[in-house]
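*Asks:* Dropping the sequence and predicted coords here.
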Amino acid sequence: MKILKNIADEYRALAEIWQSIDYSNPKSVQKCNAVTDKMRNIVRNAELQGIEEVNKLIPLLNDQNAKDWIAHHLVELTSIEREISDKCFEMVKNLIKRYEIEGKTADAMGERLWLEEWTNKK
């Protein structure tokens, strides 16, 4: 088993697992739900440890597999600076556009609801 160097590596590895989800397979969905819980716990623990730990996660905003998840989790679970939360919100707006182009209307609607909820909270 690969030993991970830091929380960003751990989060990235979990995000890569999530990319393999098969929505037609209940066991795959269950596995990925557990992975998502682990990803949230990494972010929660970073927040508890302080801004230095949270800052280790910010580069994941540029990671192809992790960026969509970490944008949500940073907003939901940390007290990041306004500049970073604005970037996260912009990433979600871009995700909505991508989903619309791909014909994933339910996903786009879910992201719009998330964006409305969290924009009002922050």
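*Replies:* Received it, and whenever you're ready, just let me know what you need. What you see is a predicted model, and the numbers here were worked out from it, not measured in a lab.
*Asks:* how close does Asn94 get to Glu16?
*Replies:* 21 Å (CB to CB, to the nearest Å). Bear in mind the C-beta positions are built from the backbone N, C-alpha and C, glycine included.
*Asks:* Over to Thr119?
*Replies:* Thr119 is 29 Å from Glu16, by CB to CB.
*Asks:* what do you get for Val75?
*Replies:* For Val75 relative to Glu16 (CB to CB), the value is 22 Å.
*Asks:* out of the two, which sits in the more crowded spot?
*Replies:* Ranked by neighbour count (other CB atoms under 10 Å), Val75 and Glu16 place Val75 first, with 23 against 14.
*Asks:* and the strand or helix carrying that one, what other elements does it pack with?
*Replies:* Assigned by DSSP states H and E, Val75 belongs to helix 67-77. The contact analysis (3 or more CB pairs under 8 Å, 6 or more residues apart in numbering; DSSP states H and E) places helix 67-77 against helix 7-18, helix 26-49, helix 82-101, helix 105-121.
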